[in-house]
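> Sequence plus the predicted model coming up.
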Amino acid sequence: MKRVLILGGSGFVGRHLCEALQKHDVQITVPTRRLPARSVQMLPRVQVVEADVFDPQTLTALVADHDVVVNLVAILHGKPGEFQRVHVDLPQALAQACAQSGVQRLVHVSALGAQAQGPSEYQRSKGRGEAALLQVAGSTGLSIRLLRPSVIFGRDDQFINTFARLQRLAPLVPLTGAHTRFQPVWVQDVAQALVHLMRDTATQHTTYEACGPEVWTLADLVRHAGRWAHCERPILPLPLSIGRLQAWVLEALPGPPLMSRDNVDSMRVDNVATGQWPGLAQLSIRPRALGSVFITGELA
């Protein structure tokens, strides 16, 4: 593995992956919609290029001459067509570009709970994206590695930090899905898992679940975020029906919504390891607990 292409490399997980790869003698290409991408462009052996990865010709040109391709591109909010474009059409086009260019390995970050019949469009589109990748692999011989993480926490995440900011502003937290269970995983553990999958040449297709060692309810995670930010507020649990109405209002506000109706639908099912697939232990990773990372200050 000498040259690596990382789609979404300037994002939250991508930054940590680029940092983890600094320990390995590889050249990294990170396409971005606009320059500069300060989060990664100052790292050694990282080349940032301005490119539209949704353009098929551009995508094919980007893939050429790389040994491994990693796809981290995803969205949490959007209309059905947007989920289809990002979670299904892009991975499919990327797999086809890899096959045409002779790239042998594609690592794709999906999501825990990805399934074509899931309760939310996010989960359904993630499931369709996996199926599209495996279909291309079956007809071309491309080797696919899938990673399904639970909610990812770490510096600058959009989960724990969002609930911390919310409690700095509000006297209480109206919360939908308060009893939904999650198994949060540290972003650096996810990065290490991706490095392992990128270097693995022994298997054709693999799926791994990336989960932390602890199971938390959403309410407990919100309380933990409040304590970390020194502004813990009371929680007001809301039924899913009221939560969807609240999310509808938030969707109408300017800017990215804090919560969408599709997010609420996702919380109809727990986001924990199924045991159907191997986990981080099988990648020789001992995942860090959320509490231990907070205590050491690594999230600050």
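Arrived safely, thanks for sending. Numbering: from 1, shown residues only.

> quick one: which helix or strand includes Ile28?
Following DSSP states H and E, one finds Ile28 within strand 27-32.

> Which SSE is immediately downstream of that strand?
Counting by DSSP H and E, the next helix or strand C-terminal to strand 27-32 is helix 38-41.

> mind listing what Ile285 touches?
By CB atoms under 8 Å, 6 or more residues apart in numbering, the contact list for Ile285 reads 189, 192-193, 196. Yep, even glycine has a C-beta here, placed from its N, CA and C like the rest.

> picking up where we left off before, and the strand holding Ile28, which strands flank it?
Partners of strand 27-32 in the sheet, by DSSP bridges, are strand 3-7 (parallel), strand 46-50 (parallel).

> now the contacts of Ile285 as JSON lines including secondary structure, pLDDT and neighbour count?
Output for the contacts of Ile285, formatted as JSON lines (DSSP: H, G, I helix; E, B strand; the rest coil; pLDDT from 0 to 100; neighbours: other CB atoms under 10 Å):
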{"residue": "Asp189", "secondary structure": "helix", "pLDDT": "97", "neighbour count": "24"}
{"residue": "Gln192", "secondary structure": "helix", "pLDDT": "97", "neighbour count": "20"}
{"residue": "Ala193", "secondary structure": "helix", "pLDDT": "97", "neighbour count": "28"}
{"residue": "His196", "secondary structure": "helix", "pLDDT": "95", "neighbour count": "18"}
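
> wait, isn't Phe83 in contact with Tyr122?
Yes - using CB atoms under 8 Å, Phe83 is in contact with Tyr122, at 6.4 Å.

> picking that back up, closest one to Ile75 among the strands paired with strand 27-32?
The closest of the strands paired with strand 27-32 to Ile75 is strand 3-7. By CB to CB, the value is 13.2 Å.

> which element is Arg15 on?
According to DSSP H and E, Arg15 maps onto helix 12-20.

> Pretty sure Ala95 sits against Ala132.
Yes - shown here, Ala95 and Ala132 form a contact pair, counting by CB under 8 Å, at 7.4 Å.

> higher neighbour count, these two?
Ala95 (27 against 20; other CB atoms under 10 Å).

> can you tell me the helix or strand for that one?
Following DSSP H and E, one finds Ala95 within helix 90-101.

> any idea of the angle the helix or strand just after that helix forms with helix 90-101?
Sequence order places strand 105-109 as the next helix or strand after helix 90-101, per DSSP H and E. Compare the direction of strand 105-109 with that of helix 90-101 by axes from the mean of the first three to the mean of the last three CA atoms, to 10 degrees and you get 170 degrees.

> Can you give the contact residues for strand 105-109?
Residues from elsewhere that reach strand 105-109 (CB under 8 Å, 6+ apart): 13, 67-72, 74, 91, 94-95, 98, 129-130, 133, 137, 142-147, 149, 190, 194, 197-198, 201.

> got a markdown table for the contacts of Ile285, with distance to Gln246 too?
Formatted as a markdown table, the contacts of Ile285 follow (distance: CB to CB, whole Å):
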| residue | distance to Gln246 |
| --- | --- |
| Asp189 | 32 |
| Gln192 | 37 |
| Ala193 | 34 |
| His196 | 40 |
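
> Closest one of those to Leu112?
Nearest to Leu112, judged by CB to CB, of those is Ala193 at 13.0 Å.

> residue contacts, the closest one?
Contact partners of Ala193, counting by CB under 8 Å, 6+ apart, are 147, 208, 210, 280, 283, 285.

> Just say helix, strand or coil for the residue nearest to Arg168 when sequence neighbours are not counted.
Spatial nearest neighbour of Arg168, excluding adjacent residues (CB to CB, 6 or more residues apart in numbering): Cys231 at 5.0 Å. Three-state call for Cys231 (DSSP: H, G, I helix; E, B strand; the rest coil): coil.

> I'd say Cys231 and Leu166 touch.
No - the pair Cys231 / Leu166 is not scored as a contact, 9.4 Å apart, by CB under 8 Å.
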